[in-house]
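Q: okay, predicted coordinates and the sequence, questions at the end:
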Amino acid sequence: MPIFLDTGNLAEIERFHRMGIIRGVTTNPTILLKDGVTGGLRGIEARSKEIAKLIAPFPLSVEVTTPDRVEALRQAQMFASWADNIVVKVTIHGPEGELENLEIVHELETKHNIRVNVTAMMSAQQCFLAALAGATYVSMFGGRVNNMGYNACGEIAKLRKVLDQFGLQSQIIVGSTREVLNVIEWLEAGAHIVTVLPDLLKGMIVHPYSKETVQQFLRDAAQAEAMIRGSSA
Ligand code: E4P
């Protein structure tokens, strides 16, 4: 399931879903705000239900909006009740490095039968522990890793190796795309999925030389058509 779309924009999701090239959607509070979702949990509910319906049965990740353990568990169960294909996103730890989140992940996956995507991770070791906690998806932020000065490909390759070595079933999602080349390089490094910004997906499709070639085909087809019309006149 190699490509997810990293957006809350319905029109973009619909467009790429119609092409048959995406297998899921990821969101986070920053993305939803950028894509016009306001009104707190009610706003998130409305947009999430629309996206989930549009892409079903492919998964939609929706992130909890609280660092509080009890409230996070409550939100997670509420999100999961909105649609069968909703996956709950939980950050690897709290804002000050609080450790309760992996406990929440383990409880959701094992006691509540809710699929979890552990997010905001920058290293193979974080993702490995999230996988051990039972997360269905482990999300590494490749672009942010690169911006810290080391290559995400190395972390992805190490992670894939240890997941396979210990038979862990978690799927590696790499997000935080910054460049078109990230998609193939991260999949090649071992990611199961790359979640891509809509603009980068457009960049993967459109190539200047392909454009020039298509223009040439259309010009020549028009010229041939004109010649036929000219000879039959
Ligand atoms: C992935 O699931 C994240 O939502 C996203 O890719 C984060 O990207 P950013 O680093 O551009 O915020």
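A: Received, thanks. All figures in this text were calculated on a predicted structure; none of them were measured in a lab.

Q: okay, CA-based contacts and neighbour counts for the rest of this
A: OK.

Q: the residue positioned nearest the centre of the chain pairs with what?
A: For the chain, residue 195 is the residue whose C-alpha lies nearest the centre (CA atoms, centre = their mean; 3.1 Å). Beta-bridge partners for residue 195, by DSSP bridges, are residue 4.

Q: tally up the residues packed near the closest residue to residue 152 other than its chain neighbours, please.
A: Excluding its sequence neighbours, the residue lying closest to residue 152 (CA to CA, 6 or more residues apart in numbering) is residue 142, at 5.2 Å. Neighbour count of residue 142, defined by other CA atoms under 10 Å: 28.

Q: show me what contacts residue 142?
A: With contact set as CA atoms under 8 Å, 6 or more residues apart in numbering, residue 142 has these partners: 122, 152, 153, 174, 175, 176, 177.

Q: could you dump those to CSV with distance to residue 10?
A: Below are the contacts of residue 142 laid out as CSV (distance: CA to CA, whole Å):
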residue, distance to residue 10
122, 28
152, 29
153, 30
174, 22
175, 19
176, 19
177, 19
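
Q: shouldn't residue 79 be in contact with residue 65?
A: No. Using CA atoms under 8 Å, residue 79 is not in contact with residue 65; the gap is 11.1 Å.

Q: who has more neighbours, these two?
A: residue 79 (25 against 17).

Q: how about the residues of the chain near the ligand?
A: 26, 27, 28, 141, 144, 175, 176 (CA under 6 Å from any ligand atom).

Q: just the strands in the chain please.
A: With DSSP state E as the criterion, the chain has strands at 3-6, 25-26, 60-63, 86-91, 116-121, 137-141, 171-175, 193-196.

Q: export the first one to PDB, keeping only CA atoms.
A: The reference is to strand 3-6. Extracted in PDB, the C-alpha atoms of strand 3-6 (Å, rounded to 0.1, in the frame of the first residue of the first chain):
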ATOM      1  CA  ILE A   3       1.100   5.900  -1.200                       C
ATOM      2  CA  PHE A   4      -1.100   7.800   1.200                       C
ATOM      3  CA  LEU A   5      -2.100  11.400   0.800                       C
ATOM      4  CA  ASP A   6      -1.000  13.800   3.700                       C
END
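
Q: which one of the strands of the chain lies nearest to residue 228?
A: strand 3-6 (44.9 Å; CA to CA).
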